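1. Mind folding the following:
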Amino acid sequence: MASVDDVSQLSYEEARDQLITVVTQLEQGTATLEDSLSLWERGEALAARCEEWLLGAKKRLEAARNGNVEGAAGAE
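-> As a prediction, the model looks like this:
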């Protein structure tokens, strides 16, 4: 399983897809307790990465609405 630390390089779509996989694995209920904890930690990191992307997108939209083209282009 990939480490929690490597999520910072993922695109929104990659993080979202991996989060879906993690949730599916947790919902199956077949993982050991240790594996479940690792999956949970990975899921938390992936969810945080998705939120970073969404907040960045929101800032870009707000900047574009306010006519701040430079701010819209520079936000992640």
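
2. next one: phi and psi at residue 46?
-> Main-chain dihedrals, residue 46, degrees, to the nearest 10: phi -70, psi -40.

3. For residue 62, see how far away it is.
-> Distance, residue 46 to residue 62, by Cβ to Cβ, to the nearest Å: 25 Å. From N, CA and C alone the C-beta is placed, and that goes for glycine too.

4. For the two, indicate the residue with more neighbours.
-> Taking neighbours as other Cβ atoms under 10 Å, residue 46 and residue 62 compare with residue 46 leading, 24 against 13.

5. List the contacts of stretch 30-37.
-> Contact with stretch 30-37 is made by 25-26, 39, as judged by Cβ atoms under 8 Å, 6 or more residues apart in numbering.

6. Among the residues you listed, which are located in helices?
-> 25-26, 39 (DSSP state H).

7. Make a markdown table out of those residues and add neighbour count and pLDDT.
-> Formatted as a markdown table, those follow (neighbours: other Cβ atoms under 10 Å; pLDDT from 0 to 100):
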| residue | neighbour count | pLDDT |
| --- | --- | --- |
| 25 | 17 | 97 |
| 26 | 16 | 97 |
| 39 | 18 | 97 |
